[in-house]
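Asker: sequence and predicted structure are below.
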Amino acid sequence: MYGKGLLKGLGITFGHTFEKKYTIQYPEQMPHLENRFRGCLQFEPDKCIACGLCTKTCPNGVLTLETVKDPATNKKQPVSYTINLQYCMFCNLCVEICPKSCLYFDHNFELAKYNREDIKMHYTFPAAAAAPESGEKPAEADAGEARKAKQLKAMLAALSTNPAKVLNKLLENEEQTAILAEVLAGDEKKSARLAELMLGDRDKAKKVAIAMVNKELKDRDKAEGGEK
Amino acid sequence: MEHWFTNIAGALVHWLMGLGVPAGWADLILLIVQWVCIIGIVTLNILILIWLERKVAGFVQMRLGPNRLGPFGVFQTVADAIKLLTKQDLIPAAVDKWVFRTAPLLFIVIAVMLYVVLPMGDGMAIVNLNVGVLYFISVGSLSTICLLMAGWGSNNKWSLLGAMRAVAQMISYEIPLAFSLLGVVMIAGSLNLQDIVAAQHNIWFILLQPVAFLIYFIAATAELNRGPFDMPEAESELTAGPYTEYSGMRWALFFLAEYTNLVAVSALAATIFLGGWQGPWLPSWLWIIIKTYFVMMLFFWIKWTFPRIRMDHLMSFSWKVLLPVSLANILITGAGIHLFRLMGWC
């Protein structure tokens, strides 16, 4: 009979109309993932023995491991471990080869990041950093100084963008903060000195701030007197 | 409830006459009001229709369809319409500007003209034309030229190919479409749509003329350029046929006109084969809406079930199958009517 196939097709689509829908409302509703699903590569630093097998087996050079030799035991110790996931092809070789099972794929598949640098996952080993290695201590000191410089920079930035908020901590009077903000906006040296003091000695910073305000008020009085 | 709309129209004319407006002018104003109402209904209806079609398409394919904006996604089309309205008005440099610009306007005007004769309830046709069926078919076939204008004006090979397909297909299917309605006209003895509805008081014409309904349905699908006969558009072959160069509001007008035609053709099917506005309990205008939507759901169902047919198959199907069958249907109907009269059954 002609048209039998057409009727059959119509029957199928009619049936589908009332069947369960396959759509998953993704952000609200997560898809069901099997155990073996390979999402984001995860690393457990505590278990790592610095054997370096994972870095050797990785076909894309995703993994990098830094090690030092412990002079006491004459064994390698991990210093840092980096997973540059953007090159990973999720082949599972590193997971298979790791003798201590410290690598595994979790179920997180939302791997998008805003910056390219954020894709890298970096792990450092505190135990190795404390190890009595000659090159370690200066590095730590450097890090401390770098941190201080960074804090100073942040404080300066805060002073220039939103002075009232920062200075409120030093001065109680709103009028005084306004005056000081004006002073600092015109003088980079003064703001640098104040920022440094604020990081180091809070009480001294307060005294300096009040002195600065008083000086400015005096200067203004003088200027007004001159005009008259 | 039955006489809501006729009462409103009567009250309007009465009020205008009370203000001292001559009867002829009052009727003219009423006509304009009805015209505006039709345009309003058409534009509002399309918002529901597109949503409904996408929902049906989703359900048929075991998807959910639009469901993000508003309850069940009903405001999806509203958002789409706003997007289309605010889009840049692009006219390619090489097009024939006048033809390109007038084609969508003419298309929508012709589509809206179809509604003039449709009885949308008991005594609710805007013009009670005694050649209603003829008017509908002749005005409906005018839309062919709009597609040709769009295709020719676009100055683009795909557009012109699509337009040529549209013309070939729509002219070929015009004939079985008209012939399928002829059987009904012969039984009803009138071209007036109101009379045809009245003639179905005892039995719907779909039961007396099942073959005619089938032919009408197939030919109407081809006339509307809807799947599985959407050869003029044929996304996979011609990008979008005559609509390729159109964007924004002009494209939206084509879309609007297509759905307007769909409603008109479905309403005509409901009027001629499914007893029109006649039905128990509910008011007549609600019955015609229910029946029209039922026919439209059939169109949706068919479109989202069948794959697109090949162009030469489409043409040979019209000339070699539908035309002879519709002629035979007329012959048998004529013979049947003669037999009934001879035996004195009617």
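Answerer: Good, I have the coordinates. Numbers count the residues shown, from 1 in each chain, chains lettered A, B, ... in the order given.
Asker: alongside chain A, which residues does chain B contribute?
Answerer: B:56, B:58-64, B:301-302, B:304-306 (C-beta under 8 Å from any C-beta of the partner chain). Where C-beta positions appear, they are placed from N, C-alpha and C, glycine not excepted.
Asker: least confident secondary structure element in chain A?
Answerer: Ranking every helix and strand in chain A by mean pLDDT, DSSP states H and E puts helix A:126-129 at the bottom, with a mean of 60.
Asker: for the residues of chain B next to chain A, which one is nearest A:Q86?
Answerer: Checking the residues of chain B next to chain A against A:Q86 by C-beta to C-beta gives B:R63 as the nearest, at 33.0 Å.
Asker: against B:E233, how distant is B:M186?
Answerer: 35 Å (C-beta to C-beta, to the nearest Å).
Asker: err, B:M170, not the other one
Answerer: For B:M170, the distance to B:E233 - C-beta to C-beta - is 13 Å.
Asker: can you check B:T333 too?
Answerer: From B:T333 to B:E233 the distance is 35 Å (C-beta to C-beta).
Asker: out of these two, which sits in the more crowded spot?
Answerer: B:E233 (24 against 20; other C-beta atoms under 10 Å in any protein chain shown).
Asker: which non-adjacent residue is nearest that one?
Answerer: B:G241 (4.5 Å; C-beta to C-beta, 6 or more residues apart in numbering or on different chains).
Asker: pull the CA atoms of stretch A:11-27 into PDB?
Answerer: Only the C-alpha atoms of stretch A:11-27 are listed here, as PDB (Å, rounded to 0.1, in the frame of the first residue of the first chain):
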ATOM      1  CA  GLY A  11       3.100   7.500  14.200                       C
ATOM      2  CA  ILE A  12       6.700   7.600  15.400                       C
ATOM      3  CA  THR A  13       6.800  11.400  15.800                       C
ATOM      4  CA  PHE A  14       3.400  11.300  17.500                       C
ATOM      5  CA  GLY A  15       4.800   8.800  20.000                       C
ATOM      6  CA  HIS A  16       7.900  10.900  20.600                       C
ATOM      7  CA  THR A  17       5.800  13.900  21.500                       C
ATOM      8  CA  PHE A  18       4.700  12.100  24.700                       C
ATOM      9  CA  GLU A  19       8.000  10.400  25.500                       C
ATOM     10  CA  LYS A  20      10.600  11.500  28.100                       C
ATOM     11  CA  LYS A  21      12.700  14.400  26.700                       C
ATOM     12  CA  TYR A  22      16.500  13.900  26.500                       C
ATOM     13  CA  THR A  23      17.400  17.500  27.000                       C
ATOM     14  CA  ILE A  24      19.500  18.200  30.100                       C
ATOM     15  CA  GLN A  25      19.100  21.800  31.400                       C
ATOM     16  CA  TYR A  26      22.900  22.000  31.800                       C
ATOM     17  CA  PRO A  27      23.900  24.800  34.200                       C
END
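Asker: start to end distance for stretch B:72-89?
Answerer: With C-alpha to C-alpha, to the nearest Å as the measure, the first residue of stretch B:72-89 is 31 Å from its last.
Asker: show me where the chain has its helices.
Answerer: Just so you know, I chose chain A. Here chain A has its helices, by DSSP state H, at A:4-17, A:53-57, A:93-97, A:126-129, A:136-161, A:163-167, A:174-186, A:188-200, A:202-227.
Asker: my bad, the chain I had in mind was chain B
Answerer: So, for chain B - with DSSP H - the helices run B:4-18, B:23-60, B:76-85, B:97-113, B:132-153, B:157-188, B:193-199, B:205-208, B:210-223, B:235-238, B:248-273, B:284-303, B:311-316, B:323-343.
Asker: any chance of these in TSV, plus mean pLDDT?
Answerer: Converted to TSV, the helices of chain B look like this (pLDDT from 0 to 100):
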stretch	mean pLDDT
helix B:4-18	79
helix B:23-60	86
helix B:76-85	87
helix B:97-113	89
helix B:132-153	88
helix B:157-188	89
helix B:193-199	84
helix B:205-208	84
helix B:210-223	90
helix B:235-238	77
helix B:248-273	89
helix B:284-303	89
helix B:311-316	89
helix B:323-343	90
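Asker: adding distance to A:F125, write these out as a markdown table.
Answerer: Shown next, in a markdown table, are the helices of chain B (distance: least, C-beta to C-beta, whole Å):
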| stretch | distance to A:F125 |
| --- | --- |
| helix B:4-18 | 82 |
| helix B:23-60 | 53 |
| helix B:76-85 | 53 |
| helix B:97-113 | 70 |
| helix B:132-153 | 70 |
| helix B:157-188 | 64 |
| helix B:193-199 | 87 |
| helix B:205-208 | 82 |
| helix B:210-223 | 72 |
| helix B:235-238 | 58 |
| helix B:248-273 | 60 |
| helix B:284-303 | 64 |
| helix B:311-316 | 71 |
| helix B:323-343 | 85 |
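Asker: on that earlier part again, surely the residue nearest to B:E233 meets B:R165?
Answerer: Yes: with contact defined as C-beta atoms under 8 Å, B:G241 reaches B:R165; the gap is 7.1 Å.
Asker: residues shared between the contacts of those two?
Answerer: Here B:G241 and B:R165 have B:P232, B:A234 as joint contacts, going by C-beta atoms under 8 Å, 6 or more residues apart in numbering or on different chains.
Asker: so if I had to pick from the two, which one is more boxed in?
Answerer: B:G241 (28 against 25).
Asker: what residues does that one make contact with?
Answerer: B:G151, B:W158, B:S159, B:L161, B:G162, B:A163, B:R165, B:A166, B:P232, B:E233, B:A234.
Asker: if we use 7 Å, what do you get?
Answerer: B:W158, B:S159, B:G162, B:P232, B:E233, B:A234 (C-beta atoms under 7 Å, 6 or more residues apart in numbering or on different chains).
Asker: quick one, domains of the chain?
Answerer: All of this is about chain A. Per the record, chain A has its domains at A:41-133, A:137-222, by automatic domain parsing.
Asker: ah, no, chain B please
Answerer: Looking at automatic domain parsing, the domains of chain B come to B:1-86, B:88-343.
Asker: any idea which of the ones you listed is most buried?
Answerer: domain B:88-343 (a mean of 19; mean count of other C-beta atoms under 10 Å in any protein chain shown).
Asker: centre of the chain versus that one, how much separation?
Answerer: 5 Å (C-alpha atoms, centre = their mean, to the nearest Å).
Asker: alright, I will stop here.
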